[in-house]
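Trainee: what shape does this take:
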Amino acid sequence: MTTENGPEQSHAYFQAVLLYTSAHEEIFAWFKEHLKVFDPMTGRLVVFLPDSVLEGDAADVYSAVEPTVDGEGKKRRRYPGLERSDLPCLWIEAAGGKHFTLKVPRERGEIEPWLARLFDLAAEATDIDDLRKKVEEDEDKEAEKDQDPPHPNEGRGRKVVFGLAGVAAVLIILATVLVLWPHKRTVLFLAANPTGTIPLRLGDEFTKIDQGLRQSEKRDQFRLVPPVLATTDDDLRRALLRYKPEIVHFSGHGAGADRPGLRRNFTPVTDQEDDAGGLAFVDASGRTHLISGDALAGLLGRFSGHVKCVVLNACYSEAQGKSIVQHIDYVIGMDEAIEDGAAIAFTVGFYDALGAGQSYEDAYELGKSSMGTKGYGRQEKLVRLMRKRR
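Mentor: Residues are numbered from 1 along each chain as shown. As a prediction, the model looks like this:
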């Protein structure tokens, strides 16, 4: 039933969150294909997708089933009681926090009639307890049908009309008042200070990014995930897969193609030389593992669908940036060695500007201005912004 202002509102309010792992990508694809166009503000039951609903430290289901640490140092769960064996499932929740879970059928062909029944039950339910009871009764009926042979004429002529039009017809009678989570721009901070290298203030740099974004006008648009410290090549790949960041920020030591030595504050820290240069990650023993610009470009290029900016806050990193920018829209690197304080000053200005809604180009300029106001004006020219050629 509709009114001139849209679907008639009811007294039952539910939200359903789809939770899944990489093993259930086909199920995720089905939900995304059939339900992505629906707006909960019209009064429809919406199945959110993980990238939209999870908040905090991950954009996939792992933050739902593993405890995370909040700002007070306490462990918490976004979806308490949920185990990996429960997936894929719908987490049905109502105002006040009441909830229950429903296992999603594994076969894509079974999802349509199953979800249609759920929508019908939700339309009739008075509250979440009533919905849960109706679902349990429906499951019992289905179990009885599986045990008893059906009558030859049973079910004849019945059809579940699904697809987008069918979903819309069912959803339009549901009443939910939900607000979509805004799309968040994920920032991934990577740091490496291998054994034998000069200590850098990498923790301070992350803290200043966090403080700047939290205090910014557009703070609700950003999600700074927990820092990846002592980053190995495996850590880098897994973080890109897990967090799907828009901004990848590396802080540490670097070596240019024609400048031996790993440094960030003008002091050589190792005798290792590499004709190709690279960024200093950490190996299994904690020592330097140099990754070339070409290798980084090959990896980051596979995530160019969501990675839009890479910040290489390390000495001589312009060399690696020239390789990476062939795949990523914006890359910031250092032309020569740069002092630790200057690198942090650039970071503060850069993220303050992004948090205020500035473009990458403007944020880059404000980052350099921050270096000048903090007494590192002579090093402004060392920071280079590279743009992908269209």
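
Trainee: what packs against the longest helix anywhere in the chain?
Mentor: Longest helix in the chain, counting residues (DSSP state H): helix 128-147. Helices and strands touching helix 128-147, as assessed by 3 or more CB pairs under 8 Å, 6 or more residues apart in numbering; DSSP states H and E, comprise strand 89-93, strand 99-103, helix 108-124. Every C-beta, even on glycine, is put in place using the N, C-alpha and C of the backbone.

Trainee: redo that, cut-off 7 Å
Mentor: If you count contacts as 3 or more CB pairs under 7 Å, 6 or more residues apart in numbering; DSSP states H and E, helix 128-147 packs onto helix 108-124.

Trainee: now the angle between strand 89-93 and the helix it packs on, please.
Mentor: If you take axes from the mean of the first three to the mean of the last three CA atoms, to 10 degrees, helix 108-124 sits at 10 degrees to strand 89-93.

Trainee: so which elements touch helix 108-124?
Mentor: helix 25-35, helix 128-147, helix 163-171.

Trainee: thinking again about what came up before, residues of the longest helix of the chain that come out buried?
Mentor: Neighbour counts over helix 128-147 (16 or more other CB atoms under 10 Å) mark 128, 131, 132, 134, 135 as buried.

Trainee: OK, contacts around the closest residue to residue 304 other than its chain neighbours?
Mentor: Nearest non-adjacent residue to residue 304, counting by CB to CB, 6 or more residues apart in numbering: residue 327, 5.0 Å away. Contacts for residue 327 were tallied using CB atoms under 7 Å, 6 or more residues apart in numbering; they are 297, 300, 301, 304.

Trainee: phi, psi for the second one please.
Mentor: This means residue 300. phi -60, psi -30 (degrees, to the nearest 10).

Trainee: go on, the first one?
Mentor: Dihedral angles phi and psi of residue 297 (degrees, to the nearest 10) take the values phi -60, psi -40.

Trainee: still on that earlier bit, the residue nearest to residue 304 and residue 231, how far apart?
Mentor: Residue 327 sits 20 Å away from residue 231, taking CB to CB, to the nearest Å as the criterion.

Trainee: same thing with residue 212?
Mentor: In terms of CB to CB, residue 212 sits 22 Å off from residue 231.

Trainee: higher neighbour count, the two?
Mentor: residue 231 (25 against 22; other CB atoms under 10 Å).

Trainee: report the secondary structure state of the more buried one.
Mentor: Of the three states, residue 231 takes coil under DSSP: H, G, I helix; E, B strand; the rest coil.

Trainee: next, count neighbours for residue 384.
Mentor: Counted with other CB under 10 Å, residue 384 comes out at 16.

Trainee: mind checking the SS state of it?
Mentor: Assignment for residue 384 (three-state DSSP): strand.

Trainee: what's near enough to touch the nearest residue to it once chain neighbours are set aside?
Mentor: Counting by CB to CB, 6+ apart, residue 384 lies nearest to residue 318, which is 5.0 Å off, once chain neighbours are set aside. Counting by CB under 7 Å, 6+ apart, residue 318 makes contact with 333, 334, 335, 384.

Trainee: can you check residue 89 too?
Mentor: 19, 101, 102, 103, 104.

Trainee: what sits closest to it if chain neighbours are left out?
Mentor: Per CB to CB, 6+ apart, closest to residue 89 is residue 101, 4.7 Å.

Trainee: show me where the stretch 201-350 of the chain has its strands.
Mentor: With DSSP state E, counting those that start in this stretch, the ranges of strands along the stretch 201-350 of the chain come out as 222-224, 247-251, 254-256, 259-263, 278-282, 288-291, 309-313, 330-334.

Trainee: tabulate the ones you listed (a markdown table), appending mean pLDDT and distance to residue 200.
Mentor: Below are the strands of the stretch 201-350 of the chain laid out as a markdown table (pLDDT from 0 to 100; distance: least, CB to CB, whole Å):
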| stretch | mean pLDDT | distance to residue 200 |
| --- | --- | --- |
| strand 222-224 | 93 | 19 |
| strand 247-251 | 97 | 7 |
| strand 254-256 | 75 | 11 |
| strand 259-263 | 45 | 10 |
| strand 278-282 | 93 | 10 |
| strand 288-291 | 94 | 13 |
| strand 309-313 | 97 | 9 |
| strand 330-334 | 95 | 13 |
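
Trainee: JSON lines for these, including mean neighbour count?
Mentor: Output for the strands of the stretch 201-350 of the chain, formatted as JSON lines (neighbours: other CB atoms under 10 Å):
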{"stretch": "strand 222-224", "mean neighbour count": "22"}
{"stretch": "strand 247-251", "mean neighbour count": "25"}
{"stretch": "strand 254-256", "mean neighbour count": "28"}
{"stretch": "strand 259-263", "mean neighbour count": "22"}
{"stretch": "strand 278-282", "mean neighbour count": "26"}
{"stretch": "strand 288-291", "mean neighbour count": "21"}
{"stretch": "strand 309-313", "mean neighbour count": "27"}
{"stretch": "strand 330-334", "mean neighbour count": "26"}
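
Trainee: out of those strands, which is closest to residue 30?
Mentor: strand 222-224 (26.3 Å; CB to CB).

Trainee: so what strands line up beside the closest one?
Mentor: When sheet partners are counted by DSSP bridges, strand 222-224 sits next to strand 185-191 (parallel).

Trainee: quick check on residue 307: phi, psi?
Mentor: The phi/psi pair for residue 307 (degrees, to the nearest 10) is phi -80, psi 120.

Trainee: who's in contact with it?
Mentor: By CB under 7 Å, 6+ apart, the contact list for residue 307 reads 245, 246, 248, 300, 328.
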